[in-house]
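> Generate coordinates for the sequence data below:
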Amino acid sequence: MRHVQVMVPSGKRKAVVEVLDDEGIDYALTEETSGREYVALVSFPLPTSAVEPVLERLREAGIERDAYTVVMDAETVVSTRYDRLEEQYAEETDDEDRIAREEIYAEALSLVPEYSTFVIMTVVSAVVATAGVLLDSPAVVVGSMVIAPLVGPAMAASVGTVV
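Residues are numbered from 1 along each chain as shown. The predicted model follows:
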């Protein structure tokens, strides 16, 4: 289950509330007082499989992709409306483990190491591999492959291709 928080831009409050009411989602709407282009913060729980369709409906209502949206894991929700929503999306989707594109993108970013870490680990791996070749030791060469941080970027590239 996920907890979603969305900053509502000026002029979009009514459309966002209509989408959430149409979906039967329990939500909390808090006034935004920072004086920026947002007028409210709306928070609501969703089943994992409902995140992508609901975010898509919010985009259709005017919440842009670059708007401030937070999706995080939630432990427990006590609500009869949430139970109905969970049943509804369980019937609509065959795959309960499906997650939103935004969550996949965030996971892919977490796989890529910082640039400085990547360079240092690659150099250390190259030095160890060179020592393994010079010592004629296949075990050391294989060990250098373990040190190399090349799996994360490869996995992130494949996730990026899928998204």
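> Point me to the helix or strand that includes the residue nearest the centre of the chain.
Nearest residue to the geometric centre of the chain (Cα atoms, centre = their mean): residue 103, 1.8 Å. Using DSSP states H and E, the element containing residue 103 is helix 101-111.
> Buried ones in that helix, by neighbour count?
For helix 101-111, the neighbour count (16 or more other Cβ atoms under 10 Å) marks 102, 103, 108 as buried. Placement of C-beta: from N, CA and C, glycine included.
> Take those and write them to a markdown table, including distance to residue 154.
Shown next, in a markdown table, are the buried residues of helix 101-111 (distance: Cβ to Cβ, whole Å):
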| residue | distance to residue 154 |
| --- | --- |
| 102 | 22 |
| 103 | 20 |
| 108 | 11 |
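> Could you provide the residues you listed in JSON lines, with additional columns for pLDDT and distance to residue 53?
Shown next, in JSON lines, are the buried residues of helix 101-111 (pLDDT from 0 to 100; distance: Cβ to Cβ, whole Å):
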{"residue": "102", "pLDDT": "72", "distance to residue 53": "13"}
{"residue": "103", "pLDDT": "75", "distance to residue 53": "14"}
{"residue": "108", "pLDDT": "73", "distance to residue 53": "21"}
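> ok, the residue nearest to the centre of the chain - contacts?
Each residue near residue 103 by Cβ atoms under 8 Å, 6 or more residues apart in numbering is listed here: 51, 71.
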